[in-house]
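>>> Got a predicted structure here, sequence first:
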Amino acid sequence: DAGVIQSPRHEVTEMGQEVTLRCKPISGHDYLFWYRQTMMRGLELLIYFNNNVPIDDSGMPEDRFSAKMPNASFSTLKIQPSEPRDSAVYFCASSLGGWGSNQPQHFGDGTRLSIL
Amino acid sequence: EDKVVQSPLSLVVHEGDTVTLNCSYEVTNFRSLLWYKQEKKAPTFLFMLTSSGIEKKSGRLSSILDKKELFSILNITATQTGDSAVYLCAAHNDMRFGAGTRLTVKP
């Protein structure tokens, strides 16, 4: 079975540019999560969706960050304008059922983002 | 403030040793605790623990949760070099992760 698919795998861009990260969750999963991982802060939950609807975006660091899920098989995380401190690995994960279901999250391989 | 603390942060052992990794948590509306193994890429799921005192096992790995003392341990017996990774625990309420324990197993 295909897992969570993220693209691109690597992104290098100059500060000020718009960055769009993409995620395809596992088919049938109704929850989708975006995480960021850095050496300094570890793994952090940014936002999660249930049935394509954003439920909690309290982890999104600033208004420069936005996430959408136009359908059950696709989500984007956008940073505009990007800054060097946004450099991190961004993971997308999906699960069948949310917190109450006790179902584990399955992670994609991540997008390594470098803002110069 | 909710927090998840893992210890030790780093551990170096030799093949065949047994290791115990610790995870303590203080979170509101706690539901379960999860353990992940992260090598070079994404975290991979190991265990989900919801009940105190019930050990979960998978091969040489096992884990248990103590909801009274608010901690969990992950045991790895007869370690192998392939066990080298960062082990993350997360409190399953708002998925708050600990900083991880970096385990290095030397031949």
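All right, it came through fine. Numbering: from 1, shown residues only, chains lettered A, B, ... in the order given.

>>> Correct me if wrong, but A:L77 is in a strand.
Yes - counting by DSSP: H, G, I helix; E, B strand; the rest coil, A:L77 falls inside a strand.

>>> Give the bridge partners for A:N50, please.
Beta-bridge pairing of A:N50 under DSSP bridges involves A:Y31, A:V53.

>>> nearest spatial neighbour of the residue in chain B positioned nearest to chain A, skipping sequence neighbours?
Chain A sits closest to B:A42 of chain B, with a gap of 3.8 Å, by CB to the nearest CB. For every residue, glycine as well, the C-beta is placed using N, CA and C. With sequence-adjacent residues excluded and distances taken as CB to CB, 6 or more residues apart in numbering or on different chains, B:A42 is closest to A:F107, at 3.8 Å.

>>> Read off the pLDDT value for that neighbour.
Note for A:F107: predicted pLDDT of 92.

>>> Could you do the one 5 residues further on as well?
For A:R112, the model assigns a pLDDT of 96.

>>> in what helix or strand does it lie?
Take DSSP states H and E as the rule and A:R112 turns out to sit in strand A:111-115.

>>> so where's the chain uncertain?
The chain I'm using is chain A. Counting by pLDDT under 70, chain A has low-confidence residues at A:1, A:99-102.

>>> Chain B, not that one
Within chain B, the ranges that satisfy pLDDT under 70 run B:93.

>>> Give me the buried positions along the strand holding A:R112.
By 16 or more other CB atoms under 10 Å in any protein chain shown, the buried positions in strand A:111-115 come out as A:111-113, A:115.

>>> Make CSV from the residues you listed and add distance to A:R22 to it.
Formatted as CSV, the buried residues of strand A:111-115 follow (distance: CB to CB, whole Å):
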residue, distance to A:R22
A:T111, 8
A:R112, 14
A:L113, 12
A:I115, 17
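
>>> which one among those gets closest to chain B?
Nearest to chain B among those: A:R112, at 9.8 Å, using CB to the nearest CB.

>>> The closest one contacts A:T38, correct?
No - A:R112 lies out of contact with A:T38 (CB atoms under 8 Å); the separation is 11.2 Å.

>>> if I look at the residue nearest to B:A42, how far off is B:S62?
23 Å (CB to CB, to the nearest Å).

>>> and the two? which has more neighbours close in?
A:F107 (23 against 15; other CB atoms under 10 Å in any protein chain shown).

>>> Spatially central residue for chain A, please.
Centroid check for chain A by CA atoms, centre = their mean gives A:W34 as the closest residue, at 2.8 Å.

>>> Quick check: that residue touching A:S94?
No - with contacts counted by CB under 8 Å, A:W34 stays clear of A:S94, the gap being 10.6 Å.

>>> So which bits of chain A are right by chain B?
Selection of chain A residues close to chain B by CB under 8 Å from any CB of the partner chain yields A:33, A:42-45, A:56, A:91, A:99-100, A:102, A:104-110.

>>> Tell me which residues touch the residue nearest to A:G98 when sequence neighbours are not counted, please.
In space, and not counting its chain neighbours, A:G98 is closest to A:Y31: 5.0 Å by CB to CB, 6+ apart. By CB atoms under 8 Å, 6 or more residues apart in numbering or on different chains, the residues touching A:Y31 are A:48-50, A:94-98, A:105.
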